[in-house]
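# sequence plus the predicted model coming up.
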Amino acid sequence: MPVISAPAKDDPDLLHRSIMDVLRLIREDLAMDMVLITIHVDDQVVVSHAAAAAEECNIEGLSHPRELSICQRVLEGRLPAVIPDMAALKQTHDVPPTPVAPAAFMAVPVVLSCGRHYGVLCCLKSTPMPELDERHHRRLQMSAQHIARLVDEAG
């Protein structure tokens, strides 16, 4: 993955663009339809950044209740972090309905150097991905660490 330089401390637009560059790279590298970052705002989960295969699929700003968030359930350990086939998982787990219904899904937390939880890096595909495994999850974890570094360096 190419190195993306840290944004200047006084340029939030540059931070947003840098994070979007990382999301686009992840989406292409992992062959996903969408990669996004969700953040918690009160009792809602809000999409703060999103890169989709179809540019008209901009879901930034979309929100839904935290208790209905797949990302939240992954963080709480109620759902696995790697879900190659959501339909198969629904047979054994309580999966909430979501505004965007993935057939394959992965999520990792984005944790800043101070230990503060910044958000959740998620990726999804509209078709099952039987090949989705721990190797893909490690790549997503590395990307979350890179995003955390960008946020840390931007202040």
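Now that the structure is in, tell me what you want to look at. Residues are numbered from 1 along each chain as shown.
# could you give me the average pLDDT of stretch 82-101?
Stretch 82-101 comes out with an average pLDDT of 90.
# residues touching it, excluding its own?
Under the contact criterion Cβ atoms under 8 Å, 6 or more residues apart in numbering, stretch 82-101 has outside partners 34, 59, 62, 64, 67-70, 73, 78-80, 102-106, 124, 128-134, 136-137. The way it works is simple: take the backbone N, C-alpha and C, and place the C-beta from them, glycine included.
# give me the pLDDT value at the closest residue to residue 12 other than its chain neighbours.
Sequence neighbours aside, residue 154 is the residue nearest to residue 12 in space, at 7.6 Å (criterion: Cβ to Cβ, 6 or more residues apart in numbering). With respect to pLDDT, residue 154 scores 88.
# thinking residue 154 is in contact with residue 15, fair?
Yes. Between residue 154 and residue 15 there is a contact under Cβ atoms under 8 Å: 4.4 Å.
# out of the contacts of stretch 82-101, which are inside helices?
If you go by DSSP state H, the contacts of stretch 82-101 have 70, 73, 134, 136, 137 in helices.
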